[in-house]
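>>> Here is the input, now give the coordinates:
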Amino acid sequence: MLEHLTKETFKEKVFDFEANKEWKYAGDKPCLIDFYADWCGPCKMVAPLLEELQTEYGDSIVIYKVNTEDQQELAGMFGVQSIPSLLFVPKDGQPQMAQGALPKQTFEKAIADVLKVEKPSVN
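Reported below is the predicted structural model:
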């Protein structure tokens, strides 16, 4: 099950935007944040894909979910205009935003290119 972030857990695990002006990721492994809403059809299509990716990548990445209805301040801070919006956060460097219901191979490519994490091989 993917972890849902609130403003407080976001500040603790991802970025304390109230204490810092410059981006500094607080996590110890790259993460992907899904900005979604319960009523959003494309968000519902992406949800099982993200669960699958979390299982496949295991401990090499963390996937969080942010409900834009409950957490409007977080959504606003990242300029989320349409959902799903996905924020790819590398361990070092700037996060990158992608929008829309992406196919699985696009997620895998972004995880490799932006997060610098290769998919573990399954034996």
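
>>> Surely Ser82 touches Met97?
No: look at Ser82 against Met97 with Cβ atoms under 8 Å: they stay out of range, at 10.7 Å. All C-beta atoms are positioned from the backbone trio N, CA, C, and that covers glycine.

>>> quick one, which of those two is more surrounded?
Met97 (13 against 10; other Cβ atoms under 10 Å).

>>> Look at Phe15 and tell me its secondary structure.
Put simply, Phe15 is coil when judged by DSSP: H, G, I helix; E, B strand; the rest coil.

>>> wait, it sits on Ala26?
Yes: between Phe15 and Ala26 a contact is recorded at 6.0 Å, counting by Cβ under 8 Å.

>>> Neighbour count: the two, which is higher?
The neighbour comparison of Phe15 against Ala26 (other Cβ under 10 Å) goes to Phe15, with 19 against 14.

>>> pLDDT score assigned to the more buried one?
pLDDT for Phe15: 94.

>>> After the one helix or strand Leu87 maps to, which helix or strand is next? Please name it.
Assigned by DSSP states H and E, Leu87 belongs to strand 85-89. Downstream of strand 85-89, the first helix or strand assigned by DSSP H and E is strand 96-99.

>>> just to revisit the earlier point, avg pLDDT for the strand holding Leu87?
Averaging pLDDT along strand 85-89 yields 97.

>>> and it, which strands flank it?
strand 31-36 (antiparallel), strand 96-99 (antiparallel) (DSSP bridges).

>>> distance between stretch 5-23 and the chain's centre?
In terms of Cα atoms, centre = their mean, to the nearest Å, the centre of stretch 5-23 is set 14 Å apart from its chain centre.

>>> Distance check, the most centrally placed residue in the chain against Ser121.
The structure's the chain has its C-alpha centroid closest to Ile33; by Cα atoms, centre = their mean the separation is 1.4 Å. Ile33 sits 26 Å away from Ser121, going by Cβ to Cβ, to the nearest Å.

>>> Equivalent analysis for Phe35, please.
Phe35 is 31 Å from Ser121, by Cβ to Cβ.

>>> Give the next helix or strand downstream of the host helix or strand of Leu49.
Counting by DSSP H and E, the element that carries Leu49 is helix 41-57. Later in the chain than helix 41-57, the nearest helix or strand by DSSP H and E is strand 62-67.
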